[in-house]
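K.L.:
I'll drop the sequence and a predicted model, then ask my questions.
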Amino acid sequence: MQRNYKYLLLRRMLVQQVKKWVYLVLGGFWTFLFAVGLCISLFGDDPAMKDMETRIIALVMLAISALVLWRGLLAAKVVALGPKYEAIFQMDRDGFVSLQELTRQTGRAPQKVLKELNLLFDRSCFTNCSYQRLENPGVFLGDAVLEDTPAGYVTVTCTACGATNRLKAGVTGACQVCGAPVQGLRQ
Ligand SMILES: [Zn+2]
């Protein structure tokens, strides 16, 4: 199978990569710091640390730090998942990657796949494709563009039975209805 089409926006992935490390390091450090502070205030012997004000401040800061850490974990998820989904898109034959296909390819439950797609598309990680969220969820891959190397998908009519097929540009495939060979040529 040809792998000549890019779906991942590298610029967006770079942003997520930076967010991942900044949020994980800062969030992790602050979470640790304020958790220790809260423990000292609750269980320590220093009377200056044992007032209610110190505890409230430590608790609020702990919550904010945990939120930063959580955002770092989400960015890490995006960085890890983006290339996996792109690889699945690149292997697709008909230009529509259905939820069933994604479930099979990832080995994950449909609900989990939808959650991951929501995360990736909400962060605009992809290009040359669109996400259909409601009925029959899945990802439409982009149409072929005029380039030297064929890329994307074209809609072709089978010369044997007249059925409409969608397949990768420049690739010969079999008609989904009658099995006759169809060519992915721009019409
Ligand atoms: Zn046919």
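P.N.:
Noted; the coordinates are in hand.
K.L.:
Ile40 versus the residue lying farthest from the centre of the chain, what's the distance?
P.N.:
Most distant from the centre of the chain: Pro47, at 49.5 Å, with distances by Cα atoms, centre = their mean. Spatial separation of Pro47 from Ile40 under the definition Cβ to Cβ, to the nearest Å is 12 Å. All C-beta atoms are positioned from the backbone trio N, CA, C, and that covers glycine.
K.L.:
And Asp51, by the same measure?
P.N.:
Taking Cβ to Cβ, one finds Asp51 at 12 Å from Ile40.
K.L.:
And Leu141, by the same measure?
P.N.:
According to Cβ to Cβ, Leu141 and Ile40 sit 55 Å apart.
K.L.:
The closest residue to Leu62 other than its chain neighbours: neighbouring residues, count only.
P.N.:
Spatial nearest neighbour of Leu62, chain neighbours left out: Phe34 (4.1 Å); criterion: Cβ to Cβ, 6 or more residues apart in numbering. By the criterion of other Cβ atoms under 10 Å, Phe34 has 20 neighbours.
K.L.:
if I pick Phe34, what's in contact with it?
P.N.:
Contacts for Phe34 (Cβ atoms under 8 Å, 6 or more residues apart in numbering) come out as 58, 61-62, 65.
K.L.:
Any figure for the gap between the residue farthest from the centre of the chain and the ion?
P.N.:
According to Cβ to the ion, to the nearest Å, Pro47 stands 85 Å off from the ion.
K.L.:
next one: Ala174
P.N.:
9 Å.
K.L.:
May I ask you to confirm that that residue is in contact with Pro181?
P.N.:
Yes. Applying Cβ atoms under 8 Å, one finds Ala174 in contact with Pro181, separated by 6.3 Å.
K.L.:
Closest to the centroid, which residue in this structure?
P.N.:
Note: the chain centre (Cα atoms, centre = their mean) maps to Leu120, 3.1 Å.
K.L.:
element containing that residue?
P.N.:
Per DSSP states H and E, Leu120 falls inside helix 110-122.
K.L.:
could you dump that helix to CSV, C-alpha only?
P.N.:
This file holds the C-alpha atoms of helix 110-122, laid out as CSV (Å, rounded to 0.1, in the frame of the first residue of the first chain):
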residue,chain,number,x,y,z
PRO,A,110,-15.6,1.9,20.2
GLN,A,111,-16.3,4.4,23.0
LYS,A,112,-12.5,4.7,23.6
VAL,A,113,-11.8,5.2,19.9
LEU,A,114,-14.5,8.0,19.8
LYS,A,115,-13.0,9.6,22.8
GLU,A,116,-9.5,9.6,21.3
LEU,A,117,-10.8,10.9,17.9
ASN,A,118,-12.6,13.7,19.8
LEU,A,119,-9.4,14.6,21.6
LEU,A,120,-7.3,14.6,18.4
PHE,A,121,-9.8,16.5,16.2
ASP,A,122,-10.6,19.0,19.0
